[in-house]
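Enquirer: let me see the structure of the following:
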Amino acid sequence: MAEFFVTGTDTGVGKSLVSAGLLRAAAARGLRSTGVKPLAAGARFVDGAWANDDALLLQAASSAPLDYAATNPVLLQAAMAPHVAAVAEGVTLDAVVLAGHCRNAARLGQDLLLAEGAGGWLVPLDAQQTMADVAVALGWPVVLVVGMRLGCLNHALLSAQAIRGAGLALAGWVANSAWPAMPALAENIATLEARLAAPRLGTVPWLAAAATPDAVARHLDPEPLLARRRA
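Expert: Got it, this is the predicted structure:
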């Protein structure tokens with residue numbers, strides 16, 4: 001099994017869509033893929049229950065999906081910073097517990113398991129913990145989704161530095177055009193390729209309303225991740 005923690009350079013950079021695309025790309029190779037989002041903030045009522053859109057996207061993109069409770073074990077109602085929403089809703093967030101939910105999902109023997117974090121690398125869980133603590137508790141290699149816009153070089157390089165500083169491997173990164181017409185896109189990607197020292201899994205163009213997991217999958221190469229599968 002190849003297991004990875006997915007983070008992004010910011011909130012709203014397309015982590016869920018890229019994760020879903022990687023899951024679909026693995027499925028297209030005949031592999032069992034599963035996505036989980038251990039913590040999500042922002043819920044709506046769907047088919048008689050509260051759910052998060054990003055978690056639903058991961059569940060639908062998985063070729064070996066879990067039920068919703070296992071896909072998204074901790075759901076906060078308000079679409080805001082998780083530590084703020086947790087206090088407002090009386091929920092205690094624990095990085096070790098969140099990591100445990102991911103490990104439970106890993107017991108099913110999938111070929112590819114992606115655990116998507118909430119927000120960016122250092123999004124707080126409470127006064128002491130951050131999402132990085134979840135990744136560290138897991139010890140899995142990290143996939144970084146870079147939202148290609150002005151400022152992304154600094155965001156990406158700082159994120160990579162923090163990931164490696166936490167003792168984790170940067171398994172790969174994705175250049176995601178979450179906004180249209182970034183100036184000097186090719187030059188920015190070349191700069192990141194020279195400095196991140198990790199495989200680029202793909203460049204996703206601006207797809208607007210056509211941004212479905214299958215459409216994104218066509219721009220991704222999961223092979224560097226799949227090569228890490230244990231025998």
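Enquirer: by mean pLDDT, flag the weakest helix or strand of the chain.
Expert: strand 44-46 (a mean of 93; mean pLDDT, DSSP states H and E).
Enquirer: other residues contacting that strand?
Expert: 50-53, 56 (Cβ atoms under 8 Å, 6 or more residues apart in numbering). Yep, even glycine has a C-beta here, placed from its N, CA and C like the rest.
Enquirer: any chance of the residues you listed in a markdown table, plus secondary structure, distance to Ala171 and neighbour count?
Expert: What follows is the contacts of strand 44-46, written out as a markdown table (DSSP: H, G, I helix; E, B strand; the rest coil; distance: Cβ to Cβ, whole Å; neighbours: other Cβ atoms under 10 Å):
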| residue | secondary structure | distance to Ala171 | neighbour count |
| --- | --- | --- | --- |
| Trp50 | strand | 32 | 13 |
| Ala51 | strand | 29 | 20 |
| Asn52 | coil | 25 | 26 |
| Asp53 | helix | 26 | 14 |
| Leu56 | helix | 25 | 18 |
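Enquirer: what ranges do the strands span in the protein?
Expert: 2-8, 33-36, 39-41, 44-46, 49-51, 74-76, 112-120, 142-147, 170-176, 200-204 (DSSP state E).
Enquirer: state the pLDDT value of the residue of the chain positioned farthest from its centre.
Expert: Here the chain reaches farthest from its C-alpha mean at Gly48, the gap being 26.6 Å by Cα atoms, centre = their mean. For Gly48, the pLDDT comes out at 91.
Enquirer: which residue ranges form the helices in the chain?
Expert: Chain-ordered helices for the chain, with DSSP state H as the definition, fall at 15-27, 53-61, 68-71, 82-89, 95-105, 131-138, 152-165, 185-196, 213-217, 223-226.
Enquirer: so Ala43 sits against Asn72, correct?
Expert: No. Look at Ala43 against Asn72 with Cβ atoms under 8 Å: they stay out of range, at 9.3 Å.
Enquirer: among those two, which residue is more densely surrounded?
Expert: Asn72 (25 against 19; other Cβ atoms under 10 Å).
Enquirer: give me the contact list for stretch 210-226.
Expert: Looking at stretch 210-226 with Cβ under 8 Å, 6+ apart, the contacting residues turn out to be 2, 4, 17-18, 20-26, 28-29, 31, 57, 60-61, 111-112, 143, 171-172, 174, 199, 201-205, 207.
Enquirer: rerun at 6 Å
Expert: Applying Cβ atoms under 6 Å, 6 or more residues apart in numbering, the external contacts of stretch 210-226 come out as 2, 17, 20-22, 24-26, 61, 172, 199, 201-202, 204, 207.
Enquirer: which one of those residues is nearest to Ala137?
Expert: Ala2 (18.5 Å; Cβ to Cβ).
Enquirer: low-confidence ranges in the protein?
Expert: 230-231 (pLDDT under 70).
Enquirer: ok, now with 50
Expert: 231 (pLDDT under 50).
Enquirer: hmm, back to that, mind putting the strands of the chain in a markdown table, distance to Asp67 included?
Expert: Output for these, formatted as a markdown table (distance: least, Cβ to Cβ, whole Å):
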| stretch | distance to Asp67 |
| --- | --- |
| strand 2-8 | 19 |
| strand 33-36 | 11 |
| strand 39-41 | 15 |
| strand 44-46 | 14 |
| strand 49-51 | 11 |
| strand 74-76 | 13 |
| strand 112-120 | 15 |
| strand 142-147 | 24 |
| strand 170-176 | 27 |
| strand 200-204 | 28 |
